[in-house]
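A.B. asks: got a structure for you, letters missing:
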Ligand code: UD1
């Protein structure tokens, strides 16, 4: 167990390079389990969620070797079981992709219920209903509480699948299952996040027939084999990039964030410009800074599926709003309970009132240092941003949650001039946490 110790108050300056996308690579790793030959993945981020997923893939028999920096050689032809039922499955949310991948590869899939950040109910009923509509037999959406989901392909046949809400996970999972199903599957009201397009591009480069990824209607024509034998490079992480944009802004810094896709950042860039920040785009970089004397103005955000404002940047954006003049509003439309971190920000002097899915944020001059806890991955990232702004020393416990999704965050922030280090909890735990 370790904490982050951050001495804030310094403007971040310089360049930072964004790593491969966490949510894309988790989907692509599962997709790689369906191939009939090996493949090479590049730009794989070195984060703990990826380590867990690689471990899960190895446990079902896949051969995965690190063949260079951020590069994995994957041979799924050695897979020898359709069962992923160990306790490690519950460490991450994206283990649910093994359902679609194993159904497609083995005709059967047994999976322990996935885990992930706790921000309210995280059902997988859409995934199971869609597999059933495609002909799978087994565990029903209403009785998934028994710990292990058991599905049999029986076989999988293409059909029309409609989601009430554009679910990222269900869209990717159905895409995986449909890739080797008989006939054509049409997903209506599909999610459109950049990582969905990345998984589809990966599969298409390996021989799949997926059209429309990135729109709300995806058509997948099943193919009998996926030859593989190609290299594929993972897209940059939209959420990591957005977190550094916000960290630059709240420290009055001047940072160029490199190796990102500017169009993916548009929902955040537009809002930051509206608030008064300068956000200069280049082909694959964005520079964030503030002109001297500019007053940062309050605004309102609403989270929504892509191309709306990403819920995974909501806590970090609230930190931005805390430092704007006047009253701002954050409306969380995706998750029912994603404001647990507000109590931690309040310890740092934030003036926020939550009413169900809305947070009313009153501007303050500066955060103050405190002992706080990273209640989940993005909550932790928000606390890092607040601590970088605060005068004095902040300790963020449960820092391993932050490392689930941020590669070398200590090293990257240090290179930008921040004072941040990993410290053992036992040395610095505050009285109320002891
Ligand atoms: C993924 C991301 C997560 C992000 C979220 C929304 C990964 C590994 N995780 O999570 O970081 O916050 O997208 O962008 O990529 N829903 C149902 N039934 C289902 C599935 C979803 O009701 O079977 C609802 C959820 O309760 C939620 C909404 O749909 O309100 C969106 O969830 P979804 O897009 O599926 O999120 P995840 O794939 O779990």
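C.D. replies: Yep, that arrived. Bear in mind the structure is a predicted one, so any value in this text is a computation, not a measurement.

A.B. asks: For burial, what's the neighbour tally of residue 217?
C.D. replies: Residues within reach of residue 217, counting by other C-beta atoms under 10 Å, total 12. C-beta here means a position set from N, CA and C on the backbone, and glycine is covered the same way.

A.B. asks: so it sits right up against residue 188, yeah?
C.D. replies: Yes: in this structure residue 217 lies within contact range of residue 188 using C-beta atoms under 8 Å: 5.8 Å.

A.B. asks: do you know how far residue 338 is from the ligand?
C.D. replies: 8 Å (C-beta to the nearest ligand atom, to the nearest Å).

A.B. asks: A strand includes that residue, no?
C.D. replies: No: according to DSSP: H, G, I helix; E, B strand; the rest coil, residue 338 belongs to no strand; its state is coil.

A.B. asks: That one: neighbouring residues, count only.
C.D. replies: Residue 338, neighbours per other C-beta under 10 Å, totals 25.

A.B. asks: And the helices in the stretch 301-434 of the chain, which stretches?
C.D. replies: 314-322, 342-347, 377-389, 400-403, 409-415, 425-428 (DSSP state H, counting those that start in this stretch).

A.B. asks: Any chance of TSV for those helices, columns mean neighbour count, distance to the ligand and mean pLDDT?
C.D. replies: Below are these laid out as TSV (neighbours: other C-beta atoms under 10 Å; distance: least, C-beta to the nearest ligand atom, whole Å; pLDDT from 0 to 100):
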stretch	mean neighbour count	distance to the ligand	mean pLDDT
helix 314-322	28	9	98
helix 342-347	19	17	97
helix 377-389	29	8	98
helix 400-403	21	13	94
helix 409-415	18	17	98
helix 425-428	12	26	54
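
A.B. asks: Export the ones you listed to TSV and append columns for distance to residue 92.
C.D. replies: Compiled in TSV, the helices of the stretch 301-434 of the chain are given as follows (distance: least, C-beta to C-beta, whole Å):
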stretch	distance to residue 92
helix 314-322	19
helix 342-347	23
helix 377-389	10
helix 400-403	12
helix 409-415	18
helix 425-428	23
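
A.B. asks: May I ask you to confirm that residue 201 is in contact with residue 213?
C.D. replies: Yes: shown here, residue 201 and residue 213 form a contact pair, counting by C-beta under 8 Å, at 7.4 Å.

A.B. asks: need the contact list for the nearest residue to residue 33 once chain neighbours are set aside.
C.D. replies: Distances taken as C-beta to C-beta, 6 or more residues apart in numbering place residue 101 nearest to residue 33, at 4.3 Å, with adjacent residues excluded. Contacts for residue 101 (C-beta atoms under 8 Å, 6 or more residues apart in numbering) come out as 30-31, 33-34, 109, 176.

A.B. asks: and the next element down the chain from the one helix or strand residue 101 maps to?
C.D. replies: Element membership of residue 101, judged by DSSP states H and E, is helix 97-106. Sequence order places strand 108-112 as the next helix or strand after helix 97-106, per DSSP H and E.

A.B. asks: so what does that following strand touch, helix or strand wise?
C.D. replies: Applying 3 or more C-beta pairs under 8 Å, 6 or more residues apart in numbering; DSSP states H and E, we find strand 108-112 packed against strand 83-84, helix 97-106, strand 148-152.

A.B. asks: Let me know which of these is the nearest to residue 384.
C.D. replies: Residue 384 sits nearest to helix 97-106 of all these, at 28.0 Å, using C-beta to C-beta.

A.B. asks: Show me which residues of the chain are close to the ligand?
C.D. replies: Proximity of the chain to the ligand (C-beta under 6 Å from any ligand atom) is limited to residues 23, 26, 93-94, 121-127, 165, 167-170, 191, 311-312, 334-335.

A.B. asks: Neighbour count says what about these? Which are buried?
C.D. replies: Among the residues of the chain next to the ligand, those classed as buried by neighbour count (16 or more other C-beta atoms under 10 Å) are 23, 26, 93-94, 122, 124, 126-127, 167-170, 191, 311-312, 334-335.

A.B. asks: Identify those among those that sit within helices.
C.D. replies: 23, 26, 126-127, 168-170 (DSSP state H).

A.B. asks: ok, and for stretch 49-66, which residues are buried?
C.D. replies: Under 16+ other C-beta under 10 Å, the buried positions of stretch 49-66 are 49-50, 52-54, 56-57, 60, 62, 64.

A.B. asks: ditto for stretch 66-80
C.D. replies: 70, 72, 74-76, 79.

A.B. asks: In strands only, show me those residues.
C.D. replies: Of these, the ones assigned to strands by DSSP state E are 72, 74-75.

A.B. asks: now the residues you listed as JSON lines including pLDDT?
C.D. replies: Shown next, in JSON lines, are these (pLDDT from 0 to 100):
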{"residue": "72", "pLDDT": "98"}
{"residue": "74", "pLDDT": "98"}
{"residue": "75", "pLDDT": "97"}
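
A.B. asks: what's the closest of those residues to residue 395?
C.D. replies: The shortest approach to residue 395 among those belongs to residue 72, at 34.6 Å (C-beta to C-beta).
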